[in-house]
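K.L.:
requesting a structural model of the entry that follows:
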Amino acid sequence: MSRKGQSITLSLKERDKAELEAIALQFGMMWGNRPNISKLIEAIAQRKLRIGNNNNWTEDRIRALHRCIGALTDIGQVEQAQIIAHLLLERCELSVPLRTEIEGFLENLPPPWRLQIDNYILRQQPFQLSYQDAAGRVLNFTVRHARITPQEKRQYLNCWCEETEGNSDIPELIHNWTLRLDRITDAAVTSIPGNWHSQLDTIEVEIHIFGGLAFGYQAKPEDHINEWLPDQAGVRRVVRTISNTFWFSREVMQYGPDCVVILPENVRDRLKEKVRNLCNLYDIETTS
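P.N.:
Numbers count the residues shown, from 1 in each chain. Predicted structure coming up:
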């Protein structure tokens, strides 16, 4: 004689019932083609499924994982970022604003061309792309080295390209381009044969830092030398590698007289010209 199972009655809200059915579907607890809550409860009773806390993660853990989403996205590991995003959304501890932000990330994933670029960089595969500059001109670039980096709250594709026309940097860095990712919206990205360069073109620059800035200066990863000058009290000498004079100039200019470029001469001359132009602008405003 077969033994019938005892029945129990569950009092559930429709939302909770739907959540249980979703869990049953996830674990294959089905009756025909419909998820079956009874089978789910039976599996829990038989310890085939483990019940764990979903509200005991610390704020530090959630913050660290949230930062991982941005870091992985920045280096092109979008799929891994999605995995962490889904993991966080399963947690009860998330605040409403953070949950909304993560849901927005998943709803606005990078376009296909961005995923292609990330993949090419990961594989070290040369590629071509079309780019619309600030003046609306469509330019074509042959890229043989690239990396995506954040600059002043935007993301840029820093790349070594065969094309040099229109690049206003110094001759040693004229193959390096900095392209705003949000201007590659209609890009046609295709792979090409050939070799991938190991890095961007670079030069070494020497700067001297004075005053309080010299004592508070924090070394950067690209600094090769960071030392006090023995013959000049309170002057710090820094030698670093750069790949773009535009961003380097913006950094140096914000420090005013507390930071001076020493070498190379062509970079030093560019900074001097910027300072002269700035002074001329002030003289024009004074006399007008």
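K.L.:
quick one: low-confidence parts of the stretch 151-288 of the chain?
P.N.:
185-187, 285-288 (pLDDT under 70).
K.L.:
hmm, try it at 90
P.N.:
151-155, 166, 180-190, 211-221, 230-234, 251-257, 271-288 (pLDDT under 90).
K.L.:
and the strands in it?
P.N.:
For the stretch 151-288 of the chain, the strands defined by DSSP state E, counting those that start in this stretch occupy 154-161, 176-180, 190-191, 203-209, 223-228, 236-242, 259-263.
K.L.:
am I right that residue 146 is in contact with residue 159?
P.N.:
Yes - using C-beta atoms under 8 Å, residue 146 is in contact with residue 159, at 3.9 Å. For glycine as for every other residue, the C-beta is placed from the backbone atoms N, C-alpha and C.
K.L.:
quick one: the helices in the chain?
P.N.:
Under the criterion DSSP state H, the chain contains helices at 14-26, 37-45, 59-74, 78-89, 96-107, 112-123, 211-216, 245-253, 265-287.
K.L.:
nearest to residue 194, of those helices?
P.N.:
helix 112-123 (12.2 Å; C-beta to C-beta).
K.L.:
export the strands of the stretch 151-288 of the chain to JSON lines and tack on distance to residue 113?
P.N.:
Formatted as JSON lines, the strands of the stretch 151-288 of the chain follow (distance: least, C-beta to C-beta, whole Å):
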{"stretch": "strand 154-161", "distance to residue 113": "11"}
{"stretch": "strand 176-180", "distance to residue 113": "12"}
{"stretch": "strand 190-191", "distance to residue 113": "10"}
{"stretch": "strand 203-209", "distance to residue 113": "31"}
{"stretch": "strand 223-228", "distance to residue 113": "35"}
{"stretch": "strand 236-242", "distance to residue 113": "28"}
{"stretch": "strand 259-263", "distance to residue 113": "37"}
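K.L.:
a markdown table please, covering those strands and showing mean neighbour count.
P.N.:
As requested, these are exported to a markdown table (neighbours: other C-beta atoms under 10 Å):
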| stretch | mean neighbour count |
| --- | --- |
| strand 154-161 | 19 |
| strand 176-180 | 20 |
| strand 190-191 | 12 |
| strand 203-209 | 18 |
| strand 223-228 | 12 |
| strand 236-242 | 18 |
| strand 259-263 | 17 |
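K.L.:
these: which one's closest to residue 170?
P.N.:
Distance to residue 170, taken as C-beta to C-beta, is lowest for strand 203-209 among the strands of the stretch 151-288 of the chain, at 7.6 Å.
K.L.:
what's that closest one packed up against?
P.N.:
Here strand 203-209 touches strand 236-242, strand 259-263, going by 3 or more C-beta pairs under 8 Å, 6 or more residues apart in numbering; DSSP states H and E.
K.L.:
direction included, what does that strand pair up with?
P.N.:
Next to strand 203-209 in the sheet, as set by DSSP bridges, lie strand 236-242 (antiparallel), strand 259-263 (antiparallel).
K.L.:
list the contacts for residue 38?
P.N.:
Going by C-beta atoms under 8 Å, 6 or more residues apart in numbering, residue 38 touches residue 31.
K.L.:
returning to that earlier point: the helices of the chain: which one's closest to residue 169?
P.N.:
Closest to residue 169 of those, according to C-beta to C-beta: helix 245-253, at 5.5 Å.
K.L.:
now do the closest one against helix 265-287, angle only.
P.N.:
Between the axes of helix 245-253 and helix 265-287, defined by axes from the mean of the first three to the mean of the last three C-alpha atoms, to 10 degrees, the angle is 60 degrees.
K.L.:
which other helices and strands does helix 245-253 contact?
P.N.:
Secondary elements touching helix 245-253 (3+ C-beta pairs under 8 Å, 6+ apart): helix 265-287.
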